[in-house]
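[1] Output the structure for:
(2 chains)
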Amino acid sequence: DSGVTQTPKHLITATGQRVTLRCSPRSGDLSVYWYQQSLDQGLQFLIQYYNGEERAKGNILERFSAQQFPDLHSELNLSSLELGDSALYFCASSVGLVLDEQFFGPGTRLTVL
Amino acid sequence: GIQVEQSPPDLILQEGANSTLRCNFSDSVNNLQWFHQNPWGQLINLFYIPSGTKQNGRLSATTVATERYSLLYISSSQTTDSGVYFCAAPYNQGAQKLVFGQGTRLTINP
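    Numbers count the residues shown, from 1 in each chain, chains lettered A, B, ... in the order given. This next block holds a predicted model:
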């Protein structure tokens, strides 16, 4: 158990819908990261927050957004869902900004039908 | 940014065998991590190893930063070692976002 929690574990929804994935980092960690794992693209970085502020962005679609709340939990919002958004979404956390080991949550498996 | 390549893509072994997985990266690194993704999809941290050698039970890892590669050794393999092994390094020296290799799928047969 990494100490990072994610909910829900599984999510099945239809095209065009909107979903919210939730992540709680390890106790004491200030950085939260979101990654997407799909069959064709592998594991890809989406976005990083540090202590409530966005710090880095990857190939995150405009239909996707995220935020980190004062209690440091984070939410990833996916809207206007398409079949290709079906993937495993991981949240990771680390203590600070650089040179820190990242620990991953169990992931949320999203299926868009 | 950095590119990360892993080899071999697939490895099938009998229980008890030893294996070496390789990770090459295109630029110098200040952080390198190895993960095991089990059949349930969980990503488990194995090593945080920007340089040098570390050991944890039957697993060990070595990173030679100057030559831009890292190796993961698994000795006396068990069926529970099956899964996909990933290495990951930061996109560049000032970044925290990790770039993952495509993984090595390891299958240990009883």
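[2] Could I get the contacting residues of the residue nearest to the spatial centre of chain A?
    The structure's chain A has its C-alpha centroid closest to residue A:34; by CA atoms, centre = their mean the separation is 3.2 Å. By CB atoms under 8 Å, 6 or more residues apart in numbering or on different chains, the contact list for residue A:34 reads A:23, A:45-48, A:60, A:66, A:74, A:76, A:89-92. Using the backbone N, CA and C atoms, a C-beta is placed for each residue, glycine as well.
[3] Name the member of these with the most neighbours.
    Top of the contacts of residue A:34 by neighbour number is residue A:91, holding 28 neighbours under the definition other CB atoms under 10 Å in any protein chain shown.
[4] Identify the spatial nearest neighbour of that one, chain neighbours not counted.
    residue A:23 (3.3 Å; CB to CB, 6 or more residues apart in numbering or on different chains).
[5] how far away is the one you found from chain B?
    Distance, residue A:23 to chain B, using CB to the nearest CB, to the nearest Å: 14 Å.
[6] dump the residue contacts of that residue.
    A:4, A:5, A:6, A:32, A:34, A:73, A:74, A:75, A:76, A:91, A:93, A:105.
[7] Would you confirm that the last one contacts residue A:91?
    Yes - using CB atoms under 8 Å, residue A:105 is in contact with residue A:91, at 4.6 Å.
[8] Name all residues that sit in contact with the two at the same time.
    The contact sets of residue A:105 and residue A:91 overlap at A:4, A:6, A:23 (CB under 8 Å, 6+ apart).
[9] per-residue pLDDT, the first one?
    Residue A:4 carries a pLDDT value of 97.
[10] just checking, it touches residue A:93?
    Yes - contact criterion CB under 8 Å: residue A:4 and residue A:93 qualify, at 5.3 Å.
[11] So those two - more neighbours on which side?
    residue A:93 (26 against 23).
[12] ok, what's across the strand from the more buried one?
    Bridge pairing for residue A:93 (DSSP bridges) gives the partners residue A:32, residue A:103.
[13] Now do the contacts for it.
    Residues in contact with residue A:93 (CB under 8 Å, 6+ apart) are A:4, A:23, A:25, A:26, A:29, A:31, A:32, A:33, A:102, A:103, A:105.
[14] Contact partners for residue A:106?
    For residue A:106, the contacting residues are A:4, A:5, A:6, A:9, B:41, B:42, by CB under 8 Å, 6+ apart.
[15] What is the neighbour count of the fifth one?
    This points to residue B:41. Residue B:41 has 15 nearby residues by other CB under 10 Å.
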